[in-house]
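[1] sequence below, structure please.
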Amino acid sequence: MKKVAVVRGCTGCDTCRYLCKVEAITFDHSGAHIDPQKCVGCGICEGNCASSAIIMKNIEYVRKADFLFILKKESL
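    Residues are numbered from 1 along each chain as shown. Below you'll find the predicted structure:
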């Protein structure tokens with residue numbers, strides 16, 4: 001089952017971006033943004049997030065609001 005990372009409450013430490021091997025994470029003034037198309041669900045970002053802002057969720061159970069949040073952030 002595919003997993004995707006969802007970000008809420010990022011403090012901008014930028015650690016996750018350097019650890020992501022598939023370059024699914026970008027940053028701007030509001031924090032981390034994870035591209036659900038690139039994310040392979042490995043969880044390295046979640047395990048190393050200093051603010052516990054990244055949560056891995058099974059794609060079947062991710063709420064629509066979480067994807068809207070990701071898409072909204074990416075369009076900024």
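
[2] what segments of this structure are helices?
    For the chain, the helices defined by DSSP state H occupy 15-19, 44-48, 64-74.

[3] C39 touches A24, doesn't it?
    Yes. C39 is in contact with A24 according to C-beta atoms under 8 Å; the separation is 4.4 Å. Bear in mind the C-beta positions are built from the backbone N, C-alpha and C, glycine included.

[4] which residues sit against stretch 13-27?
    Applying C-beta atoms under 8 Å, 6 or more residues apart in numbering, the contact partners of stretch 13-27 are 5, 12, 32-35, 38-40, 42, 44-45, 48-51, 54, 74.

[5] try it again at 10 Å.
    4-5, 7, 10, 12, 31-42, 44-51, 53-54, 73-74 (C-beta atoms under 10 Å, 6 or more residues apart in numbering).

[6] now that stretch: how far from the chain's centre is it?
    9 Å (C-alpha atoms, centre = their mean, to the nearest Å).
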